[in-house]
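J.: One predicted model, sequence on top.
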Amino acid sequence: MLTPEKAFADLAAHFTPERTAPGMREALRRMIPITELDPPGVEAIEDLTLPGPSEPIPVRVWRPFDAAENGAGLVYYHGGGFVVGDIDTHAALCQRLAAASGVRVVSVDYRKAPEHAFPAAVNDALAAFDAVHEGALAHHGFAPGRLAVGGDSAGGNLAAVIAQHRRGKVAFQLLFYPLLQLVEIKRARQPWQEGPLLSREVLKRVQESYLRSLDDVRDVRVSPLLADDLKGVAPAFILAAELDPLVNEGAAYADRLAASGVPVERVVFNTVPHGFLNMTRILPQATEAIVRAARALAKGLA
């Protein structure tokens, strides 16, 4: 039986700065079937594309049984430090969210670094959201007035950026242990600096791979935590992991949203690391957390 300790050790061994981007991507693809249980069924799953700024963007749609009649939909951006991850590595998570919430989900396979540096991922994320908002998935039941954005880690970064840049169009945001800034790699007064999937070295690798120049770190499309004005941003549900180097910046973002009058709920799951939602086979809390988030999503789009 795979223990959490063995799984974390295997993952950490593959996600080291010495590994190439293709090598880390393949490692994650191989690990997902080991760390994930099969998700509940949904009515339909379909792969298609949306128009992008340079080429069509691959996406996958999940339509749950008894989908919400109001056309509620979630545009989801996967995590992976802008370097790894894809529709397949986060398929179980998206399917669980759809099944538990009754909300349609579309997962966006945005371009990744280092082949495509910033702002390629942001441009793809914006283009995909805009296409859905303009009716590209109307035949799948997505209604422009009932759209949420969501994502985990780097995907949470993209979701936060979209929520800031598409105020009035995003109805809700679902952020899972989001990466909200790349200015500070070594977190001051942060108890958890090193995790099995995220560490100072990994964050440094993300910074070097994703950015064209360190001058980009203060761009709010890279570090949405630094945005001057958060008034009018969509209500948010932020899910945090206690043993996560990003836990404090998620708390800071929740505080800033609340101070700007934005309704926000933040829930911390204890004794779990960054990335735990993709570990339903070895961490029972993962399923509980996804259901909690799914309920918040359904409520936020009701």
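T.: Great, that's in hand.
J.: Mind giving me the packing neighbours of the host helix or strand of residue 156?
T.: Of the helices and strands defined by DSSP states H and E, residue 156 is found in helix 154-165. For helix 154-165, the helices and strands in contact under the criterion 3 or more Cβ pairs under 8 Å, 6 or more residues apart in numbering; DSSP states H and E are strand 73-77, helix 120-133, strand 147-152, strand 172-176. To be clear about C-beta, it is placed using only N, CA and C from the backbone, and glycine gets the same treatment.
J.: which other residues reach that helix?
T.: Contacts to helix 154-165, defined as Cβ atoms under 8 Å, 6 or more residues apart in numbering, come from residues 75-82, 85, 90, 110, 121-122, 125-126, 129, 149-151, 170, 173-180, 206, 220-222, 224, 227, 230, 233-234, 236, 253.
J.: Then stretch 225-233?
T.: Where contact means Cβ under 8 Å, 6+ apart, the residues beyond stretch 225-233 that reach it are 163-164, 167-168, 170, 173, 180-181, 183, 218, 220, 249, 252-253, 256-257, 260-262.
J.: If you go by neighbour count, which of the residues you listed are buried?
T.: Among the contacts of stretch 225-233, those buried by neighbour count (16 or more other Cβ atoms under 10 Å) are 163, 164, 170, 173, 180, 181, 220, 249, 253, 256, 257, 262.
J.: Show me where the stretch 201-302 of the chain has its helices.
T.: If DSSP state H, counting those that start in this stretch is used as the criterion, the helices of the stretch 201-302 of the chain fall at 247-259, 285-300.
J.: what mean pLDDT does the shortest one have?
T.: Helix 247-259 shows an average pLDDT of 96 in the prediction.
J.: Same list (the buried ones among the contacts of stretch 225-233) but as JSON lines, adding distance to residue 68.
T.: Output for those, formatted as JSON lines (distance: Cβ to Cβ, whole Å):
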{"residue": "163", "distance to residue 68": "20"}
{"residue": "164", "distance to residue 68": "25"}
{"residue": "170", "distance to residue 68": "17"}
{"residue": "173", "distance to residue 68": "17"}
{"residue": "180", "distance to residue 68": "29"}
{"residue": "181", "distance to residue 68": "34"}
{"residue": "220", "distance to residue 68": "32"}
{"residue": "249", "distance to residue 68": "32"}
{"residue": "253", "distance to residue 68": "27"}
{"residue": "256", "distance to residue 68": "30"}
{"residue": "257", "distance to residue 68": "25"}
{"residue": "262", "distance to residue 68": "23"}
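J.: What is the nearest of these to residue 140?
T.: Nearest to residue 140 among the buried ones among the contacts of stretch 225-233, counting by Cβ to Cβ, is residue 170 at 18.5 Å.
J.: List the contacts of that closest one.
T.: By Cβ under 8 Å, 6+ apart, the residues touching residue 170 are 129, 147, 148, 149, 162, 163, 233, 234.
J.: Checking it next. Helix, strand or coil?
T.: Recorded secondary structure, residue 170: coil (DSSP: H, G, I helix; E, B strand; the rest coil).
J.: And it, its phi and psi?
T.: Comment: the main-chain dihedrals of residue 170 come out as phi -90, psi 130, following degrees, to the nearest 10.
J.: The chain should start at 430 in everything you say after this.
T.: Will do, 430 is the new start, and the previous item becomes residue 599.
J.: Nearest residue to it in space, please, no chain neighbours.
T.: residue 663 (4.3 Å; Cβ to Cβ, 6 or more residues apart in numbering).
J.: Does that neighbour touch residue 604 like I think?
T.: No: in this structure, residue 663 is not within contact of residue 604 by Cβ atoms under 8 Å, at 10.7 Å.
J.: Which one's more surrounded, these two?
T.: A count of neighbours by other Cβ atoms under 10 Å puts residue 604 above the other of residue 663 and residue 604, at 31 against 26.
J.: which regions of the protein lie under the pLDDT threshold?
T.: Residue ranges of the chain with pLDDT under 70: 430-447, 615-626, 628.
J.: longest single strand anywhere in it?
T.: Using DSSP state E, we find that the single longest strand of the chain is strand 693-702.
J.: quick one: buried residues of that one?
T.: In strand 693-702, counting by 16+ other Cβ under 10 Å, buried: 693, 695, 698, 701, 702.
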